[in-house]
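J.: The following comprises the amino acid sequence and a computationally predicted model.
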Amino acid sequence: MNNSKPEKLVEYLRNGLSEQEHFGYVVRCNKNNILEKIGEDNDYPYFLRSCAKPLQASLIIDYGLDKEFCMSEEEIAICCASHAGEECHIKIVENLLKKFGISQNKLKCGEHSPISRTAQDKLLLKDEKPTQVHNNCSGKHTMMLGLCKLNGWNLENYDDINHPLQQKIKQKIYELCEINTQYPVTKDGCGVPIHSMPLKNIVKGYLNLFCNPKYEKIKNAFLNNPYIIGGENRTDTKIIQSTNEIIAKVGAGGLCVVVNTSKEEGFVVKICDANMEAREIACTDYIEKLGWGKIDVSHDIKTLHNDIVGQIITHLNQ
């Protein structure tokens, strides 16, 4: 049972009246300590969802996949991405599959419309249907297939929880996130196993990854390729583009993890109702509160005639 107590993080005020409220948690840590908490999460475990991607991608370095196939920064970035399915993303995935010598039909992520509205419109105009490559997880699945080919593991069932790849991923995530307890596991939206853990452990995992020289290629892939990590109107892309040495990664279920690689501090935001706009406002306001940067995100509530009738505010001053 979830006996945690979330705090009000984001509120929509229309002409002074509270119209919409979003509750959740913020947990900020360094490698050794919890520095601040907003909301009492009581170590309740949440599924990592797409926040798992850079942790999963650590195996690229561990197994030398990057060296074996001379992977570029963009190719490493797409493996960590929840990409918007734009042409720049699709091209990298397709080229990486060719580099690995693996057919697109091996991907088990499922067909999915691009997240990008522009990319959706382009498909409609061309009367084309989305494929597995348009799925925002196609880079991760391509990486998984590459690791299987490199290690001689079965490519047909790489999504099975008992597959050697998925067992190695679990072992690595538990190591990076400093977990000694077995937490629930389920299937992510794209079909592969996804693990759960307390929020503080998510932040620890990111710090142990992005503040470790061994994984500098993954850090640089994020910092130098923010548009590949997300894309059109994506929160993590906005944060990385607008700051210095700051890494961000969103995940379904209202999650976003942010790491200041120079200060070696990080935080996670969890919005209980998974509202994406509230998640973006909470993350960007908290970054500004910490003095880590300023992201240009509108807090205005507007009519269809572009009249401002209210403001979105955050409660992050605990």
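T.: Received it, and whenever you're ready, just let me know what you need. The structure displayed is predicted, hence computed values, not measured ones.
J.: Need the single longest strand in the chain, by residues.
T.: strand 17-30 (DSSP state E).
J.: What lies in contact with it?
T.: Identification of contacts with strand 17-30 by C-beta atoms under 8 Å, 6 or more residues apart in numbering yields 4, 6-13, 34-39, 41, 199-200, 203-204, 207, 254, 264-273, 275, 278, 282, 286, 290, 310, 316. Using the backbone N, CA and C atoms, a C-beta is placed for each residue, glycine as well.
J.: Now the buried members of the residues you listed.
T.: Buried residues within these, defined by neighbour count using 16 or more other C-beta atoms under 10 Å: 4, 6-7, 9-13, 37-39, 41, 199-200, 203-204, 207, 254, 265-272, 275, 278, 282, 286, 290, 310, 316.
J.: ok, which stretches of the stretch 101-250 of the chain are helices?
T.: Per DSSP state H, counting those that start in this stretch, the stretch 101-250 of the chain carries helices over the ranges 117-125, 138-151, 164-176, 199-210, 216-224, 226-229, 235-242.
J.: Rebuild the ones you listed as CSV, extending it with mean pLDDT and distance to Leu97.
T.: As requested, those are exported to CSV (pLDDT from 0 to 100; distance: least, C-beta to C-beta, whole Å):
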stretch, mean pLDDT, distance to Leu97
helix 117-125, 94, 19
helix 138-151, 98, 6
helix 164-176, 98, 17
helix 199-210, 98, 25
helix 216-224, 98, 18
helix 226-229, 98, 16
helix 235-242, 98, 23
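J.: Would you format these as TSV with distance to Leu107 included?
T.: TSV is the format used below for those (distance: least, C-beta to C-beta, whole Å):
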stretch	distance to Leu107
helix 117-125	18
helix 138-151	5
helix 164-176	14
helix 199-210	25
helix 216-224	21
helix 226-229	18
helix 235-242	23
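J.: Neighbours of the spatially closest residue to Ala252 that is not a sequence neighbour, how many?
T.: Nearest residue to Ala252 in three dimensions, chain neighbours excluded: Arg49, at 4.2 Å (C-beta to C-beta, 6 or more residues apart in numbering). A count of nearby residues for Arg49, using other C-beta atoms under 10 Å, gives 20.
J.: That'll do, ta.
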